[in-house]
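Colleague: what shape does this take:
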Amino acid sequence: MVNRPAPALGLREGDRDGLVRLMRASSVRAGLAQRARIVLLAAEGESNTAIADKVGVSRPTVIGWRARYARSGLAGLADEPRSGRPRTVDHRVIVTVTLRPPPKKYGVTHWSSRLPARHLKIGDATVARAWREYRVDQDRRPDPDKGQPSQDLRREPVGEAGVSAAAVLRPLGLAGD
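Modeller: Now for the predicted structure:
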């Protein structure tokens with residue numbers, strides 16, 4: 001029996017542009033861009049083996065992503081929750097704490113990733129992960145010592161995502177609106 005290449009994967013209406021955007025965007029996680037490339041190559045009629053060679057994954061990986069796209073469309077390419085131990089620290093709490101100025105007792109004007117970790121009695125990497133998840137960029141905050149205007153951190157956008165502190169604080173009942 002001869003193996004035949006899988007038929008070309010049919011894309012849903014409007015998905016080609018979305019897949020190309022995912023593949024080319026610099027802000028998209030590498031895994032998601034790779035999945036978009038797999039689906040685009042499959043839509044062009046490439047064999048699973050050829051796709052695996054071009055993308056640098058195994059043939060079963062290509063088959064799996066083809067199936068997930070066929071089942072769920074673009075949403076199927078997103079990461080699913082991982083198994084394992086659940087988080088013990090809510091990242092929203094970390095972001096909430098670090099959106100406010102550090103206590104005077106620390107003698108600093110900005111949080112570093114280590115300082116809130118010590119303050120909250122958690123690991124440095126946990127703070128860094130929370131900041132990455134919420135796209136908090138500590139380096140772009142105005143420095144009061146340099147004569148820059150002060151800001152109400154609960155109303156200003158944070159990082160490139162435009163996530164405001166109020167959006168994080170409101171569900172926790174901590175927004176001062």
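Colleague: do I have it right that Ala70 meets Leu9?
Modeller: Yes. Ala70 lies in contact with Leu9 (C-beta atoms under 8 Å); the separation is 6.7 Å. For glycine as for every other residue, the C-beta is placed from the backbone atoms N, C-alpha and C.
Colleague: just the CA atoms of stretch 47-54, as PDB, please.
Modeller: Presented in PDB, the C-alpha positions along stretch 47-54 are these (Å, rounded to 0.1, in the frame of the first residue of the first chain):
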ATOM      1  CA  SER A  47       2.700  16.700   2.500                       C
ATOM      2  CA  ASN A  48       2.900  16.200   6.200                       C
ATOM      3  CA  THR A  49       6.500  15.000   5.900                       C
ATOM      4  CA  ALA A  50       7.600  18.000   3.800                       C
ATOM      5  CA  ILE A  51       6.000  20.300   6.300                       C
ATOM      6  CA  ALA A  52       7.700  18.600   9.200                       C
ATOM      7  CA  ASP A  53      11.100  18.900   7.400                       C
ATOM      8  CA  LYS A  54      10.500  22.600   6.600                       C
END
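Colleague: quick one: average pLDDT of that stretch?
Modeller: Per-region confidence: stretch 47-54 scores 92 on mean pLDDT.
Colleague: how about stretch 25-32?
Modeller: On average, stretch 25-32 scores 87.
Colleague: any idea which helix or strand carries the residue nearest the centre of the chain?
Modeller: Note on the chain: the residue nearest the mean C-alpha position is Glu133, at 5.6 Å, using C-alpha atoms, centre = their mean. According to DSSP states H and E, Glu133 maps onto helix 124-134.
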